[in-house]
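Have a look; sequence and predicted model below, questions after that.
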Amino acid sequence: MSKVNHDKYDVVILGAGMGGLVCGCYLAKAGMKVLIVEKNTRPGGYCMSFAVNGFYFDACVHSLGSLRKGGVLREILQELNLSKRISIKRYSPSDTVVTKDYKINFWNELDKTVKEFSRNFPKEQENIKRFFEYLDSNQKNYTILRKRTFQDILDHYFRDNQLKAILSILVLVNAGLPPSRIAAFTAVMFYKEFMLDGGYYPKGGIQALPDVLAERFKQLGGTLLLSDIVEKVHVQKGTAYGITTKKNGFVPCKYVVSDIDAKQLFLDFIDRNEINPIIVKRINKLTHSNSMFILYLGLNKKISTVKPLQNIWLLETYKLDKSYDKAMDQGIDRFQCFLVRVLADGKSILAMTLASYKTARYWQENKTRLKEIFIKKIIKVIPEIKNTIIFQSVATPHTLYGWTRNSRGASYGWAETPSQFALPGLSQTTFIRNLYQTGHWASIVQGISGVIYLGKDTARIIIRREKKNDA
Amino acid sequence: MGNEIDKEIISMLSTMTGFEPDEIKPEMNIIKDLGVDSLKVIEIATAIEQKYKVTVKESQMAKIRTVGESIELVKELLKKKQKKS
């Protein structure tokens, strides 16, 4: 029997990613009847984990930020009464950047991080202090960043190119673009929310977070429909009024919130005659963020030389832009920047790097070769894993597409460039009445902190509108 | 034409915030009264640029503070644009 009540919902949310889940919780908490439709068997989107052969891997999202007093994750957990339902610990150092000349840690204590950078780059000591002070400051006016890239910020503070590259690799792999192309806002927010207030990890793996949110959502009266897929968003005279799913047919509602790929939403799910051709053209001109090549390794014994739950960033070049271009153009074996992380059990390893989508055939033909190259690189940094690998698996951009249906396996929504900083009509509020977006396709925000912020904020806009309608 | 612009900006703010157009008054502070965050202030600037084919300079961003000031900014930018052409 279907658990969908066909004439009951105020809001239908497409996708149970972190943005959709948080949005659903706040709407349900405000007394609205909410349905979330998710195509996978579990909630979370990219924030998910899986167990295989006795190993436990986080699939993609691997650590959390923004749990300081006033931090967005902490606030949301408190407001949804979940602080005691999930145990989140902070690890220090949270991140270590390794190059052939340096090994630099990011500590939970900012002073310690600043000292460590200053020790390694004594000529930049004052600049390092100023840079981190700027990131740590409470100023909320980001208009100055609007048309700038992270390179502009780095050039403003520093002269040393090696230091600039070290500060950029984290942004590159976490947000998908090299310093000359990534929006300054994205990089600054990444540092504020994930480096200055990062290194958190929930007990039980990253899946624990979407799981407690889904549980709370249901307790608040929400319906979570798993393993069903949305095929259509119904719009008439510029107003959304329902959706059609593969298994449950037409479901009417007052508001639709999308936490899925924006391109598919506007161009595939909505009747074309409801969309101005100028908007179609605008959407077709937008660029997706990059995808990922992810490696999962299982070892027959625990690692002793590397602490679990720490991000190790391997930087084999200081010319990030050049390396990025080569890798996107020729293949990821040319890439010289990647992330390795030993997971909680000390035996499961997660490693990732950026990748462009390419064809399914390309990955079939090259997957094994690229995996071998990637493993060799990891052995170079953690030699003790040699001859201990008993499980290996990879996720290609096509796997990521399968998980989320994000166009071209995009990892972060639209590419986070200054020209795509703000997309009026295609952001949280859209050019279609009663159709809203949340999550990484709605804005240039960064990571889990960003999408949960939008989840809450989109709910706020809808609740305000709903109260007006009731009055 | 002036009235038209008032209406357009208010309608844009209404869509973005969930407030009804008749609730949005010129003296209202966009951040404090309409609950717009710093990111959306930037979206407002971009929306103005796209809609009216003008450029909002960094120094003019501070004018997007109250509803009335934002409307004035658009009128000012359009006046300058007309003079040029």
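It's in.

Report the backbone C-alpha coordinates of stretch B:71-80 in PDB.
The C-alpha atoms that make up stretch B:71-80 are tabulated as PDB, following Å, rounded to 0.1, in the frame of the first residue of the first chain:
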ATOM      1  CA  ILE B  71      14.800  52.000  -5.600                       C
ATOM      2  CA  GLU B  72      16.700  55.300  -5.700                       C
ATOM      3  CA  LEU B  73      19.900  53.500  -6.800                       C
ATOM      4  CA  VAL B  74      18.100  51.900  -9.700                       C
ATOM      5  CA  LYS B  75      16.600  55.200 -10.800                       C
ATOM      6  CA  GLU B  76      20.000  56.900 -10.500                       C
ATOM      7  CA  LEU B  77      21.700  54.200 -12.500                       C
ATOM      8  CA  LEU B  78      19.000  54.400 -15.200                       C
ATOM      9  CA  LYS B  79      19.300  58.100 -15.400                       C
ATOM     10  CA  LYS B  80      23.000  57.900 -16.000                       C
END
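
Helices of chain B, residue ranges please.
Along chain B, the stretches classed as helices by DSSP state H are B:2-17, B:38-52, B:67-84.

quick one, the shortest one and helix B:2-17 angle?
Relative orientation of helix B:38-52 and helix B:2-17, computed by axes from the mean of the first three to the mean of the last three CA atoms, to 10 degrees: 140 degrees.

ok, residues contacting helix B:38-52?
Counting by CB atoms under 8 Å, 6 or more residues apart in numbering or on different chains, helix B:38-52 makes contact with A:140-143, A:146, A:185, A:421-425, A:427, A:443-445, B:8-9, B:12-13, B:16, B:30-31, B:36, B:54-56, B:61, B:64, B:70, B:73-74, B:77-78, B:81, all of which sit outside it. To be clear about C-beta, it is placed using only N, CA and C from the backbone, and glycine gets the same treatment.

How far does that helix sit from its chain's centre?
Taking the mean of its C-alpha atoms, helix B:38-52 sits 8 Å from the chain's own mean (CA atoms, centre = their mean, to the nearest Å).

what's the answer for stretch B:34-42, then?
In terms of CA atoms, centre = their mean, the gap separating the centre of stretch B:34-42 from the centre of its chain is 11 Å.

Could you pull out the buried residues of that stretch?
For stretch B:34-42, a neighbour-count test (16 or more other CB atoms under 10 Å in any protein chain shown) marks B:34-36, B:39-42 as buried.

mean confidence score for it?
Stretch B:34-42 shows a mean pLDDT of 88 in the predicted model.

Over to stretch A:64-80?
Confidence for stretch A:64-80, expressed as mean pLDDT, is 97.

What is the end-to-end distance of that stretch?
The first and final residues of stretch A:64-80 sit 18 Å from each other (CA to CA, to the nearest Å).

Now do the contacts for the closest residue to chain B within the stretch 101-250 of chain A.
Here the stretch 101-250 of chain A gets closest to chain B at one residue, A:Thr143, 4.0 Å apart by CB to the nearest CB. With contacts defined as CB under 8 Å, 6+ apart, the neighbours of A:Thr143 are B:38, B:41-42, B:45, B:58, B:61-62.

6 Å - rerun?
Residues counted as contacts of A:Thr143 (CB atoms under 6 Å, 6 or more residues apart in numbering or on different chains) are B:Met61.

got it, and A:Lys386?
A:Lys386 is in contact with A:Ile379, counting by CB under 6 Å, 6+ apart.

are any of the contacts of helix B:38-52 buried, and which?
Neighbour counting over the contacts of helix B:38-52 (16+ other CB under 10 Å) leaves A:142-143, A:146, A:185, A:421-425, A:427, A:443-445, B:8-9, B:12-13, B:16, B:30-31, B:36, B:54, B:56, B:61, B:64, B:70, B:73-74, B:77-78 as the buried ones.

and which of the buried residues of stretch B:34-42 is nearest to chain A?
When these are ranked by distance to chain A (CB to the nearest CB), B:Ile42 comes first, at 5.2 Å.

From A:Phe431, how far out is that closest one?
Note on B:Ile42: its distance to A:Phe431, by CB to CB, to the nearest Å, is 18 Å.

go on, A:Ala360?
Using CB to CB, which is the criterion applied here, A:Ala360 is 34 Å from A:Phe431.
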